[in-house]
Each structure stands twice: as C-alpha cells, then as structure tokens.
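>>> Sequence and predicted structure, then a few things I'm wondering about:
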Amino acid sequence: MGTRIEAIIFDGDPKTAALLAGLPTVAMTERLTMLPVTEEVLCRLDPGAIGDEHIPDGWNLRRDVAALARALSRDRGVLYLFSETWAGPGVKESMAWRQGQLLYGPSGTCDIEADLEPGYQLALGDDAVNAGLRALGVRAIDGRDEYATVGLDKHRMGEDWLS
C-alpha cells in the first residue's frame, strides 16, 4: 500500500488567508491549516501561472499550485508539499515561502537510489517535507518526525483529509 499527499500548509488565521472562495481547508494544529490539492483545486487555478521557475521539469510540484502558495504567503508562512510512498520507499518534494519570498527549496528527496531524479537527494535520515516543515517553524516532538508531529500521517491520501 502507498500514500499520496499533495497539499499547501500555512500558518496564521485561515479566515484571513488569500484563498480562492469555497476551497475546503483542514485544521492541522493550533497554528497550521492544510489545503489539500484536489482536482477541484486544480480546476480553479490559472494554468499559465508560474509560482516558481526553480521547480525542475519532471518534478511533482506544479507551478500553478506554487503560484497559489506564493500568493498565499504574502502575510504568512506557506509550505507546498508532495509526498508519495509505495510500500515503504517514496519521494518527497517541498518548497516554502514567507511574505512572498522563497524561504526553502525547492527540495526533492527519495528513499532509494532508483528513484533519484535530477535535483533530488537521497533522504538519508531526513527528507524534503520534514525540512520544509522545519522552515515553517515546526519542531518534532515525542520521538516523532515533523510529518507525524503535525498529523500528516493520519490519512494516506490527500482527498481523505476532506471526508
């Protein structure tokens, strides 16, 4: 079994976030909110928007989603992440902004050498999503990594967050 989550996680009051009207968000922690990237979200984005020209071709991070994340970051910290596993090993990508400025990434990691893409690093104990969460100020607690600390391990698929 595998997992697949593509999401935007942001800090601050979700009521004041510059989100497209009607997009469903999920409270993650007291200070973090998630916007799962679903087909509904993708259909409402400007397909020509370029959120960051640094995203390498062939990566899972989408430039139109990055444009939304960067716009959302004008008054807060925002992380755009992609995480996919297949019976254990997987790939993770992330990038973060604060006040419209690139804060972290883009970063891509994988668990096995066969999954290396141009620009990826082998995870070797740390991965792109955990590092991106740290850039937003998340600190791992109780022997868990940052991913589990904010509860990203509660659901295996991004759409499951909305049910």
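In hand now; what should we look at?

>>> Assign L35 to helix, strand or coil.
Under the three-state scheme (DSSP: H, G, I helix; E, B strand; the rest coil), L35 adopts strand.

>>> mind listing what's buried in stretch 145-158?
Counting neighbours by 16 or more other C-beta atoms under 10 Å, one finds that the buried residues in stretch 145-158 are D145, E146, Y147, T149, V150, G151, L152, H155, G158. In short, each C-beta sits where N, CA and C put it, glycine included.

>>> and of the residues you listed, the nearest to D64?
D64 has its nearest neighbour among those in G158, at 16.2 Å by C-beta to C-beta.

>>> right, and that closest one touches E6 too?
Yes - under the criterion of C-beta atoms under 8 Å, G158 makes contact with E6 at 5.5 Å.

>>> Which neighbours do those two have in common?
Shared contacts of G158 and E6, defined by C-beta atoms under 8 Å, 6 or more residues apart in numbering, are found at P36, V37.

>>> For stretch 8-23, buried residues please.
Within stretch 8-23, the residues that qualify as buried are I8, I9, F10, D11, G12, P14, A17, L19, L23, counting by 16+ other C-beta under 10 Å.

>>> so for that stretch, what's the average pLDDT?
When pLDDT is averaged along stretch 8-23, the result is 89.

>>> Repeat that for stretch 155-163.
Stretch 155-163 shows an average pLDDT of 82 in the prediction.

>>> Other residues contacting it?
Contact with stretch 155-163 is made by 1-7, 24, 26, 34, 36-38, 154, as judged by C-beta under 8 Å, 6+ apart.

>>> and those, which are buried?
If we count by 16+ other C-beta under 10 Å, the contacts of stretch 155-163 have these buried: T3, R4, I5, E6, A7, V26, M34, P36, V37, T38.
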